[in-house]
Structure formats: structure tokens, C-alpha cells
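Enquirer: coords please:
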Amino acid sequence: MTDAKTPGRVRRILRATGTLLVTTAVAGLAGTLVWTGSTQIAARAEKLPSDAQVAPVPVVTVPLVETPAYTVQTRYPGRIEAERELDLGFEQGGTVADVLYDEGDRVAEGTVMARLDTRALDATRAALGAARDALVAQAELAELTADRQRTLLDRDHVSTQRYDEARLALARINAEIRATEAEIAGIDVALDKAVLRAPFDAVIGARFVDDGTRVSGGQPVFDLFEDTAPLFRVGLPRALAQGLSEGQAATVELDGTAHPARVLRVRGDVDPATRTQAVILALDSDTDAPEGALGSLTLAQEITERGAWVPATALVEGIRGLWTLY
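Expert: Modelled structure (predicted):
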């Protein structure tokens, strides 16, 4: 009698046999790959030159000397500025008749740079001059009259009243002459203020008005920078700024060129925004640098920390970007 469980047992045996065959095939393939790789590595190793055939690599060594401190050169950015800068305008309002210079021009101290229309002032001054001349004539007549009255008084031909009237009339006319001359002087001052002159040797940075412009008193006509040796302003850490002294030599770099400079003054306040202290340096008079040009101040600073100097070639990149000795 046939056992009913025989077909299921056969299937299990077949399944186990298939699994064994696949495992054996995979193991055989892996062994073949390992053997092939080992053979290629051995072949390549046989092709490499022996130790006797490799030339020695020369290595330069230097002694490592530690120091208690070291000096670094630090550059601080700054800008060129003029000793004096101002917006120049007329003290009184009026119509601009002439603007004689333009941006970038150089002017000497006292140079007339612009004028206001003064025709009304000229007419007023002419009228006052004529009135003064008339008063001078009246004063001459009053003086002659007073002299005659004095003579007649001495001879008892006129009363003292008549003489006093002539004398005081002369005094009144002389007072009117002085008042008129004061008005003329005021017109002369206004005429002088209608002419705009350079207060110092300067370079014109900007021109704000043209001929025919109506301006008010104090309105800027020109922006002027003093035409002298330029100054260099730089902000430094307070500790470093306090270590500088007036007249100390320094080096300022402008457009890649080093210029000798000297410390002119150190401001006593600290900038609340940058927390730096402003230092003003004077450059040589032959330094040709425009207002606002950027540059840098190079200063040597001593760092009191132990360390040693090594060539950059002795450093290689280590783990996590750290630099270590090779």
C-alpha cells in the first residue's frame, strides 16, 4: 500500500537539492573571482621594481625652534580725505550772474569763483553817492555861514541865537553825511559778499548751480577740498591706536603702491558703530591721491604666544581639514 505522504516528501527533497546547487554555484563563482583578482594583483606586483631599483627621495630638514612671541603684519583699510572740506555759498541771496569754475578745477586762495547780479546794488550805491555829494556841498555852505555869523557875533551885529543856528545846521549836515557814508559802506559790504572767493587753495569737488540760478543765502554753490598734502583716516582697535604716538612713521598702501606716512593725531573718541578709534596720518606732499580714495595701513603687531615657524610645504591637510606637520 502506497504511503499518501510520499509526494510531499519528494517535493521537499527536490527543493533542498536545488538550494544546495545554487549555493554551491554562488560559492564557486565567488572563489573564481577571488582567485582571478589575486592572480592579477600578484602579476602587477611582479612588474613593480624592487626596493633596490627605487631611487631615494631627498628630504630637506630644518630644526624646529620655538619662540615666546612673534610679529605679524596687519593691514587696516582707510580712506583719503582733505584737511579741510566745505560747501561754499553766498552769504546773501540773489541771482547768479557768473560761475567761473567747474568740477575738478584747482583754485588759489582769494580767487573769484562766482558773482551775483549786483545791478540793483550798484544803482542804490550811485544814488547814495550823489546824496552824499549834495550833503557835502550843503556842509560847505553851512560852514561858511557859521564862520560869518561868528564874525558878526564878535562885532555884536547878530545875536548868539543866529550864530548857534548856523553852527548846529552845520553839525546836522555833517551827521547826515556820516549816515549816508554808513549806508554806502553797507552797500559796499553787500557788493563784496556778492563775489564768491576761494577761502583757501582748493580743488572743486562739485558744482551745484549755473549762471542765472536764483540762490538763497547759504545755499552751496561749490564743494571744496583743501589742495594740500592728503590725509589718511583709518579706524584701529583702541589698544592698537593708543600704542601710536604723534609723528610715528607708518606705511600706507594706495593702488598697490606703498607711501610713507606719519601719525598726525589720534582721536580721543571711539566710533560706537565700529568700536574703533580714528587715527589721522599725513602723507607726503607729492602723493597724488583723490579725495575718498581707498587704501590700507600696514602695522606690525607682536603676538605674545609660544610657537614655531615652519615652511608651508611642511604642512599637509589632515583629518577634518586640520593642518598637521608632514
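Enquirer: tell me if residue 253 really is in a helix.
Expert: No - counting by DSSP: H, G, I helix; E, B strand; the rest coil, residue 253 is located in no helix; its state is strand.
Enquirer: ok, it touching residue 294?
Expert: No - contact between residue 253 and residue 294 fails when scored by Cβ atoms under 8 Å: they sit 10.1 Å apart. Every residue, glycine included, has its C-beta placed from N, CA and C.
Enquirer: more neighbours: which of those two?
Expert: Using other Cβ atoms under 10 Å, the more surrounded residue of residue 253 and residue 294 is residue 253, with 14 against 11.
Enquirer: what is the burial count for the nearest residue to the more buried one once chain neighbours are set aside?
Expert: Leaving aside its chain neighbours, residue 253 sits nearest to residue 296 (5.0 Å; criterion: Cβ to Cβ, 6 or more residues apart in numbering). Other residues near residue 296 come to 17 when the count uses other Cβ under 10 Å.
Enquirer: same check, this time on residue 222
Expert: Residues near residue 222, counting by other Cβ under 10 Å, number 25.
Enquirer: that one: what's it in contact with?
Expert: Residue 222 makes contacts with 87-89, 101, 113-114, 196, 204-208, as judged by Cβ atoms under 8 Å, 6 or more residues apart in numbering.
Enquirer: what do you get for residue 67?
Expert: Taking Cβ under 8 Å, 6+ apart as the criterion, residue 67 is in contact with 306-309.
Enquirer: what bridges to it?
Expert: Note on residue 67: beta-bridge partners residue 307, judged by DSSP bridges.
Enquirer: from residue 279, how far out is it?
Expert: Distance check for residue 67 against residue 279: by Cβ to Cβ, to the nearest Å, it reads 29 Å.
Enquirer: same check on residue 193?
Expert: As judged by Cβ to Cβ, residue 193 and residue 279 stand 39 Å apart.
Enquirer: those two: who's more crowded?
Expert: Each of residue 193 and residue 279 has its neighbours counted (other Cβ under 10 Å); residue 279 has more, 24 against 16.
Enquirer: confirm for me that the more buried one is in contact with residue 241.
Expert: Yes - using Cβ under 8 Å, residue 279 is in contact with residue 241, at 5.5 Å.
Enquirer: so what sits against both of these two?
Expert: With Cβ under 8 Å, 6+ apart as the test, residue 279 and residue 241 both reach residue 266.
Enquirer: and the residue nearest to residue 253, that one's in a strand?
Expert: Yes - assessed by three-state DSSP, residue 296 belongs to a strand.
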